[in-house]
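Trainee: predicted coordinates and the sequence they were generated for:
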Amino acid sequence: MTEIAAPAGSSPAISPDLVIETPENVLLTYRLAGPAVRVQAFFVDFLIRMAILMVAFWAVLLAGSVISAGVSMGMYLVLWFALDWFYFGLCEGLFRGKTLGKHLFGLRVIKEEGYPITLWAALLRNFIRAADSLPFSLYGVGFITALLAGRFRRLGDLVARTVVIEERRVAVPREPIILEKIEPLPRSALGGYVPSGQTLALIEEYLSRRHVLTYKRGHALAHVLAVPLAKKLNFSGDPQLVEKYPMAFLARVYATFHETREEEDLEEKPIEHPAGPVRRPVGAAR
């Protein structure tokens, strides 16, 4: 794909994707939100703000009999000003780049580098909204800027260095672990330490999704767990297995202790008893 070869944080102006390379050399691809869906999200937020103002207007009318009309109308105008200038900025800054309208359509504002948007960037982005709406109505300047600047960015996005993306829920496929093809570690090369069920579950999760990683990245991630685990196990076998083939080492650890962990779970299964469930300790006489 041509996007993979693009520099970090860049993508062609006509491309609907934003490709970012992280410091760990992992490529992240985001789907940029087009003008149509962003207008729909804005319209939903517009309706929400109008609904709040209508409720506030009726509240002002009811409060007229309690407080002066000038005070109640002043409070109403303050609310109008706050919704107009701070609704978008505060929502995006406090709710991870989302307003209610963006949440409904699966949109989110992030930094160009792929980081979550900050409160200051969200406020700055939306303070420029007034300039985006000039000199035409319905964000004429912002629409023209989005077409010319690339990545569908209006003036506020250019100033705050942000982009709007479409969130995509992706289910990472899993592959079964074929234990018959994995040779367990020899018991003579291990100490008395037994990995916890949580550790084995972590290894299982990693092994079942190893195919979505590159060979280099997969071994780099496996090395982080393999080295301290080998020390806890007092592994006296070939040290090259841990250093050069950490993924294979974790697979052999899983194959070694997987059945042991299942047996312990069966031993600790609650036993029905007239007085209530009782756990029978491992190794107890039957």
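Mentor: Received, thanks. Numbers count the residues shown, from 1 in each chain.

Trainee: okay, CA-based contacts and neighbour counts for the rest of this
Mentor: Fine.

Trainee: where is the longest helix in this structure?
Mentor: Selection of the longest helix in the chain by residue count, based on DSSP state H, yields helix 35-63.

Trainee: what ranges of the stretch 51-200 of the chain fall below the confidence cut-off?
Mentor: Of all residues in the stretch 51-200 of the chain, those with pLDDT under 70 make up the ranges 64-65, 132-143, 146-147, 169-175.

Trainee: how about the strands in it?
Mentor: Across the stretch 51-200 of the chain, reading from the start of the chain, the strands by DSSP state E, counting those that start in this stretch fall at 107-111, 162-166.

Trainee: let's have those strands in JSON lines, adding mean neighbour count.
Mentor: Written out in JSON lines, the entries for those read as follows (neighbours: other C-alpha atoms under 10 Å):
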{"stretch": "strand 107-111", "mean neighbour count": "23"}
{"stretch": "strand 162-166", "mean neighbour count": "24"}
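
Trainee: so which of those gets nearest P16?
Mentor: Comparing these against P16 with C-alpha to C-alpha, the closest turns out to be strand 162-166 (9.6 Å).

Trainee: what packs against the closest one?
Mentor: With contacts defined as 3 or more C-alpha pairs under 8 Å, 6 or more residues apart in numbering; DSSP states H and E, strand 162-166 has these neighbours: strand 27-32, strand 107-111.

Trainee: hmm, 10 Å instead?
Mentor: In this structure, strand 162-166 makes packing contacts with strand 17-21, strand 27-32, helix 35-63, helix 100-104, strand 107-111, helix 119-127, helix 155-160, judged by 3 or more C-alpha pairs under 10 Å, 6 or more residues apart in numbering; DSSP states H and E.

Trainee: rewinding a little: buried set for the longest helix of the chain?
Mentor: Residues of helix 35-63 classed as buried by neighbour count (16 or more other C-alpha atoms under 10 Å): 35, 38, 41-42, 44-45, 49, 53, 56-57, 60.

Trainee: in three-state terms, label G237 for me.
Mentor: For G237, the assignment made with DSSP: H, G, I helix; E, B strand; the rest coil gives coil.

Trainee: who touches the residue nearest to it when sequence neighbours are not counted in this structure?
Mentor: Leaving aside its chain neighbours, G237 sits nearest to A189 (5.5 Å; criterion: C-alpha to C-alpha, 6 or more residues apart in numbering). For A189, the residues meeting the contact criterion (C-alpha atoms under 10 Å, 6 or more residues apart in numbering) are 233-238.
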